[in-house]
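>>> Show me the folded form of this:
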Amino acid sequence: MTTARPNVGDTFPDIAMETPEGGSVKASDFAGRKLVVFFYPKDSTPGCTTENIEFSGLKGEFEAAGTALLGVSKDSAKKHQNFIAKHDLTAPLASDAEENGLSDALGIWTEKQNYGRTYMGMVRTTYLIGPDGKIAQIWDKVKVKDHAAKVLEAAKAL
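Below you'll find the model as predicted:
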């Protein structure tokens, strides 16, 4: 099932996801603050590792800009724990492993094709959400290199 993707100006869906510590997190937990939610396909793969390291490296600058970070994939909370420990990640992660979860609601958990094989996968997408809970900017089909720095500039400008 593919859902219509939201647009800039739409309210970001408020769907809870599991944290690696066993709690839950959702967009409304950040009400009144800017929030960057970056979706990536899979823990411990080269591009996803680079993306998470870059966001973690800029976490202090995002905080100085009044912006919280949240990385999301369909990996389990346990896989996230291992990924965080292996790479000393500081950007918080959440597991969107539930069927009909946040990535489904956003239309970014979708059918993909690679080498003739069809499978369900995450479209690498980043959302900048304003303090009002509305989507301020969307980066679709993200190229990892320097992406975190570009998102930081947008967060500072918001």
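>>> Show me the helices in the protein, by range?
46-57, 59-64, 77-87, 102-106, 147-157 (DSSP state H).
>>> okay, these in CSV with mean pLDDT, distance to Asp132 and mean neighbour count next?
Quick note: C-beta positions are derived from backbone N, CA and C, even for glycine. Formatted as CSV, the helices of the chain follow (pLDDT from 0 to 100; distance: least, C-beta to C-beta, whole Å; neighbours: other C-beta atoms under 10 Å):
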stretch, mean pLDDT, distance to Asp132, mean neighbour count
helix 46-57, 97, 23, 19
helix 59-64, 98, 18, 15
helix 77-87, 97, 28, 16
helix 102-106, 95, 18, 22
helix 147-157, 98, 15, 18
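>>> possible to save these as TSV with distance to Val37?
Putting the helices of the chain into TSV (distance: least, C-beta to C-beta, whole Å) gives the following:
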stretch	distance to Val37
helix 46-57	11
helix 59-64	12
helix 77-87	15
helix 102-106	8
helix 147-157	10
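>>> quick one: the strands in the protein?
All strands of the chain, identified by DSSP state E, fall at 17-18, 24-25, 34-39, 67-73, 93-95, 109-114, 117-122, 125-129, 135-139.
>>> ok, Ala94 touching Glu21?
No. Using C-beta atoms under 8 Å, Ala94 makes no contact with Glu21, being 10.4 Å away.
>>> now Leu102, nearest residue through space, not along the chain?
Ile15 (4.3 Å; C-beta to C-beta, 6 or more residues apart in numbering).
>>> same deal with Phe83?
Asp43 (4.0 Å).
>>> could you list every residue that touches that neighbour?
49, 73, 75, 79-80, 82-83 (C-beta atoms under 8 Å, 6 or more residues apart in numbering).
>>> Let's see that with 7 Å instead.
Listed by C-beta atoms under 7 Å, 6 or more residues apart in numbering, the contact partners of Asp43 are 73, 75, 79-80, 83.
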